[in-house]
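Colleague: Okay, here's the prediction I keep looking at, along with the sequence it came from:
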Amino acid sequence: MKITALRTFRAAEFSNVLWVHVETDAGITGLGETFYGAGAVEAHIHDTLAVRLLGQNPLNIELLNKEMVSLPMAQASTGVEYRAASAIDIALWDLFGKVCGQPVHSLLGGLCWDKMRIYNTCAGTRYVRSGNIKPVANWDLGSAESPHEDLDGFMNRPAALAEDLLEQGITAMKIWPFDPHAAEFRGQHISAAAMRTALKPFEEIRRAVGDRMEIMLEMHSLWNLPTAMRIAREVEPFAPLWYEDPIRMTSPQALAEFARATSVMTCASETLGSRFAYKDYLDRDACHVVMADLCWTGGLTEGRKIAAMADTYHRPFAPHDCIGPVGFAAAIHMSFSQPNTLIQESVRAFYKGWYLELVTEMPKIEGGYVYPSQAPGLGLELLPAFFERPDLSSRISEV
């Protein structure tokens, strides 16, 4: 079997998402995905990677992954090169599953879990439809009518949102009420009044549902170290499950200082690329929960190495998802195949919303858990209607 074509797809409505088809002379196609800077990633796939991949055996996944991430400019980051490699790697695993007639989680080692607990990242329905992926500036609060405008919910109706999630069996939620104040103070300071405002969602959730709901605080790497530590001290009485990316992920030493300053777990980080970056943080005791985004960090091939390394350090693994339906499916397969998976991220505004506009299937989510697919590969395809979208563009490199 040989790779005969790499075909990429972009839709203007979802301008940051890039989908990839890896096509073969056996008539089997693998589906991959990545997010952000889609045009630049697409160019790298066709201008740089295609000549290295066309004509190769698509089942030599480890070899091809090494080829893609061994370029001089692809050195342990989540930049264009790694995002391109991630999308293709995910497609290769999807293709491998179809060749074998097995779900990807079986190829990764089989099921470690019969079902996996999820948490709800409280994003809104418009986030990925925006071309301006920037904290706060594109929140579009109150601009859409949907039963799952959860970003607006945690900012303005946190107690009601927590109660609604619990009714669905979802017992953990991730929120980021400090982000507007990070924009206001450019991450260098937070006033007493801003601190009180940002703490209100925690207060209201705890008052309404007590400890039945676990809360994660997403900090989006927006703060300097002293301010992040101050925020952590103020939030700690509300018993959050973890603090995620409190500072920029550029200093293991600084994050280790943050982690030592609180009894709450520190989670890091979807912004890290490759296992080598994670090792620096684990060696410094800077990270308690290892989070990786498979669409950015090297795909399933690198993701399982990151999960295994986390296990070596007795750390739980928690795949990131706030991107697209294919990455979501890939993360779920990874979660089921790893013995140290803690919980799977999900965004109900996405899997009950725009994901359904793009793909044929969604993983079964019920009662606060996701269940494994038994379909070959990732278990989903782009809908036929997707290829008829008037805003669709495509590019192909072929033998």
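Modeller: On my side now, so go ahead.
Colleague: can you give me the helices for the stretch 251-399 of the chain?
Modeller: Remark: helices assigned in the stretch 251-399 of the chain by DSSP state H, counting those that start in this stretch are 252-260, 274-283, 299-312, 325-337, 348-351.
Colleague: from those, which stretch is densest packed?
Modeller: Mean neighbours per residue, mean count of other C-beta atoms under 10 Å, is largest over the helices of the stretch 251-399 of the chain for helix 325-337, with a mean of 28. C-beta coordinates here come from the backbone N, C-alpha and C atoms, glycine included.
Colleague: on contacts alone, who are the packing partners of that one?
Modeller: strand 29-35, helix 80-100, helix 104-107, strand 116-121, helix 299-312, strand 344-346, helix 348-351 (3 or more C-beta pairs under 8 Å, 6 or more residues apart in numbering; DSSP states H and E).
Colleague: Just put the ones you listed in TSV and tack on distance to residue 42 and mean pLDDT.
Modeller: As requested, the helices and strands packed on helix 325-337 are exported to TSV (distance: least, C-beta to C-beta, whole Å; pLDDT from 0 to 100):
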stretch	distance to residue 42	mean pLDDT
strand 29-35	10	98
helix 80-100	8	98
helix 104-107	24	98
strand 116-121	26	98
helix 299-312	17	98
strand 344-346	26	98
helix 348-351	22	95
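Colleague: wait, which of those is closest to residue 291?
Modeller: strand 344-346 (8.0 Å; C-beta to C-beta).
Colleague: where does this structure have low pLDDT?
Modeller: Along the chain, the parts satisfying pLDDT under 70 run over 130-144.
Colleague: if we can go back for a sec, do you know which of the helices of the stretch 251-399 of the chain lies nearest residue 20?
Modeller: helix 325-337 (9.0 Å).
Colleague: relative to helix 299-312, how tilted is the closest one?
Modeller: 40 degrees (axes from the mean of the first three to the mean of the last three C-alpha atoms, to 10 degrees).
Colleague: got the domain boundaries for this protein?
Modeller: 3-102+382-398, 106-370 (automatic domain parsing).
Colleague: got TSV for those domains, with distance to residue 376 too?
Modeller: Below are those laid out as TSV (distance: least, C-beta to C-beta, whole Å):
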stretch	distance to residue 376
domain 3-102+382-398	5
domain 106-370	10
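Colleague: Dump the helices and strands packed on helix 325-337 to JSON lines, plus distance to residue 57.
Modeller: Below are the helices and strands packed on helix 325-337 laid out as JSON lines (distance: least, C-beta to C-beta, whole Å):
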{"stretch": "strand 29-35", "distance to residue 57": "13"}
{"stretch": "helix 80-100", "distance to residue 57": "10"}
{"stretch": "helix 104-107", "distance to residue 57": "16"}
{"stretch": "strand 116-121", "distance to residue 57": "32"}
{"stretch": "helix 299-312", "distance to residue 57": "15"}
{"stretch": "strand 344-346", "distance to residue 57": "32"}
{"stretch": "helix 348-351", "distance to residue 57": "34"}
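Colleague: can you pull out the helices in the stretch 51-200 of the chain?
Modeller: Under DSSP H, counting those that start in this stretch, the stretch 51-200 of the chain gives helices at 61-69, 80-100, 104-107, 150-156, 158-167, 179-185, 192-209.
Colleague: so how far is the fourth one off the chain centroid?
Modeller: Just to be clear, that refers to helix 150-156. 20 Å (C-alpha atoms, centre = their mean, to the nearest Å).
Colleague: repeat for the third one
Modeller: With C-alpha atoms, centre = their mean as the basis, helix 104-107 stands 19 Å off its chain's centre.
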